[in-house]
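**Q** Coordinates only, no sequence provided:
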């Protein structure tokens, strides 16, 4: 059973690697439209109808037919319009923070919530143990006498 799971994992990994490589070598216009932003309206190229978006689509289609890879096309667009034309920042240099900080923040938040929940659960169990073991502060003698009288009257 374990061998089957390992074999299945290897097959899926190899299939995914082939797909990613094919996408890099033979990109489509639709694929790149979802990875590039129109510089005038700041929406995905696929959603933009501005004149510059139409020119960018024509440029991308021309570069695809010329045989450029996805990375080459994106590099040419970045050279022309700057890094802000990319929908997702590159995973290098200072831009790496954009990818790392949300994950680190989510992990930190999970740890803090876990610690607070553990602390809260311990405090609750400590209160329950203290009440059942008689560990609470003693009552005022007058109040205790009145409570005993009320309980005796209630039971009778």
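**A** Everything's here; your move. Note that the structure is predicted; figures quoted are calculated from it, not measured.
**Q** Can you give the distance of the longest helix seen in the chain from its chain's centre?
**A** Determined from DSSP state H, the single longest helix within the chain is helix 96-132. Computed by Cα atoms, centre = their mean, to the nearest Å, the chain-centroid distance of helix 96-132 equals 18 Å.
**Q** Give me the below-cutoff pLDDT ranges for the protein.
**A** 1-23, 126-137 (pLDDT under 70).
**Q** Helices of that one, residue ranges please.
**A** Under DSSP H, the chain gives helices at 2-25, 29-33, 51-65, 70-81, 96-132, 141-155.
**Q** nearest to residue 40, of the ones you listed?
**A** helix 51-65 (5.3 Å; Cβ to Cβ). Backbone N, C-alpha and C define where each C-beta goes, glycine included.
**Q** now the angle from that closest one to helix 70-81?
**A** Between the axes of helix 51-65 and helix 70-81, defined by axes from the mean of the first three to the mean of the last three Cα atoms, to 10 degrees, the angle is 150 degrees.
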